[in-house]
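Peer 1: Give me coordinates for this.
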Amino acid sequence: MLSAPPTELLRGLEGYRRQVVRGFKVMAKPKKHWEVDFSQWTKERATRLRKKQERLSQEANAYDTIRMCYRRGLEKLVYNGEISKDTASRWAKIDAQLVELQS
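Peer 2: Model prediction:
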């Protein structure tokens, strides 16, 4: 037989339960597999796709800048008389072919 009344035992257990649970987030009732909420997964996927799109646009902008500087460099070389206009156009064609091969 128990020496203490059941209510006192419950009070003692409540304090223990509170002490153990304190500081932890109470978890919601687990859902069945057909009730799974995909909203968080969808948000994460949208974030990943948005970051990828931003990265690709930055790469495209960087490539456009490099191409523009390359073209300006060729024009400057032609202007200074270091290379001929035909040589510059040939180099530009070779560069365009390399870009096509890489993509």
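
Peer 1: Show me what the lengthiest helix in the chain is packed up against.
Peer 2: The longest helix of the chain (DSSP state H) is helix 39-80. For helix 39-80, the elements it packs on are helix 85-102, judged by 3 or more Cβ pairs under 8 Å, 6 or more residues apart in numbering; DSSP states H and E. Where you see a C-beta, it was placed from the backbone N, CA and C, and this is true even at glycine.

Peer 1: what residues does the helix it packs on touch?
Peer 2: 70-71, 74-75, 77-78 (Cβ atoms under 8 Å, 6 or more residues apart in numbering).

Peer 1: ok, of those, which come out buried?
Peer 2: Neighbour counting by 16 or more other Cβ atoms under 10 Å classes 74, 77-78 among the contacts of helix 85-102 as buried.

Peer 1: Next, format those as TSV and append distance to Lys51 and pLDDT.
Peer 2: Shown next, in TSV, are those (distance: Cβ to Cβ, whole Å; pLDDT from 0 to 100):
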residue	distance to Lys51	pLDDT
Leu74	35	86
Leu77	39	87
Val78	41	86
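
Peer 1: So which of these is the closest to Leu49?
Peer 2: Closest approach between those and Leu49, by Cβ to Cβ: Leu74, at 37.4 Å.

Peer 1: Chain neighbours aside, what residue packs nearest to the closest one?
Peer 2: Excluding the flanking residues, the one nearest Leu74 by Cβ to Cβ, 6 or more residues apart in numbering is Ala88, at 4.3 Å.

Peer 1: Look up how far Ile94 lies from the one you found.
Peer 2: According to Cβ to Cβ, to the nearest Å, Ala88 stands 11 Å off from Ile94.
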